[in-house]
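Q: sequence first, predicted model second:
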Amino acid sequence: MDDSGNPPLYDLSEGTSPILLNVPHAGTDIPAGLRQSLRAEACDLRDTDWHMDRIARDILPPGASLMTARLTRYAADLNRGSDDAPLYSGPTTGLISTTDFDGEPLYREGAEPDAQTRAESVKRYWQPYHDVLAREIERIRDAHGYCVLLDLHSIRSRIPRLFDGRLPDLNLGTNSGKSCDPALSDAAFSALQASGLSTVRDGRFKGGFITRYYGNPARNVHALQIEIAQECYMLEQSPWTYLPEKADRLKEALYALVAAMVSFSPVLEKSN
């Protein structure tokens, strides 16, 4: 609990290198008021990026910083902008979503959040997380001249409402090349391709709000997003079991990805 008696929103370990790993969707804590409003099926939290906090800790390079959310994305989606502007064409979920990825309702009938509840959720859950994330990026940039951010995500490999067929294993997002130096993008993509897992860059998942908003090479902040098909490391249905043998192969690919990030030496831009 924090000083106000509320459960903590995140965990942050400040490192000593230019690397920052961020995991905004692995949280499973449900605020009490929200739990009362959700349908029983929604409390299974099927859209969680299961175990990505564990994987991030396992692949964290020496000296890197790590930030992980504790609250479920159903409280407020940290990878959407506070204005809830659409990031992708076609079906998706929102900042304070009322449906899950499959289009099923999250809330009991009559318990959907009104405008005031949505605004309070943004203020209580979304804003504090982004205040700290922005501050950590600036701390790293001030200390080293630049920051390299990896936003880690995972999703069920088959969700017909969101995409056709099976998602590739590893989906690297760079906001179509805008969120990081091309040399970093190429090195990261090559590292993933060498894993033998199916890999795509800037396909269905080009990077969400975090990658697009914070990634700014002109300010010496380089951001990548990795979206991982959960079939690579876990059971894609409740109880969402972690599968160590599969996960070990995935982590080898992610070790190579973070090694490419560590090896990256940007030309520093003059920035404010």
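A: Sure thing, it's come through. Residues are numbered from 1 along each chain as shown.

Q: can you give me the strands in the stretch 151-272 of the chain?
A: With DSSP state E, counting those that start in this stretch applied, the stretch 151-272 of the chain shows strands at 170-173, 199-201, 221-229, listed in chain order.

Q: can you list these in a markdown table and add distance to residue 25?
A: C-betas here are computed from N, CA, C, even on glycine. Putting the strands of the stretch 151-272 of the chain into a markdown table (distance: least, C-beta to C-beta, whole Å) gives the following:
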| stretch | distance to residue 25 |
| --- | --- |
| strand 170-173 | 14 |
| strand 199-201 | 20 |
| strand 221-229 | 10 |
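
Q: a markdown table for these, including mean neighbour count, mean pLDDT and distance to residue 241?
A: Written out in a markdown table, the entries for those read as follows (neighbours: other C-beta atoms under 10 Å; pLDDT from 0 to 100; distance: least, C-beta to C-beta, whole Å):
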| stretch | mean neighbour count | mean pLDDT | distance to residue 241 |
| --- | --- | --- | --- |
| strand 170-173 | 25 | 98 | 21 |
| strand 199-201 | 19 | 98 | 25 |
| strand 221-229 | 25 | 98 | 16 |
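
Q: for the stretch 1-150 of the chain, what spans make up the strands?
A: In the stretch 1-150 of the chain, strands defined by DSSP E, counting those that start in this stretch lie at 10-13, 19-23, 65-69, 147-155, listed in chain order.

Q: distance to residue 87, mean pLDDT and mean neighbour count for those - can I get that in TSV?
A: Converted to TSV, the strands of the stretch 1-150 of the chain look like this (distance: least, C-beta to C-beta, whole Å; pLDDT from 0 to 100; neighbours: other C-beta atoms under 10 Å):
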stretch	distance to residue 87	mean pLDDT	mean neighbour count
strand 10-13	22	98	16
strand 19-23	17	98	26
strand 65-69	18	98	23
strand 147-155	13	98	26
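
Q: go through those strands and name the closest to residue 193.
A: With C-beta to C-beta, the closest approach to residue 193 among the strands of the stretch 1-150 of the chain belongs to strand 147-155: 16.9 Å.
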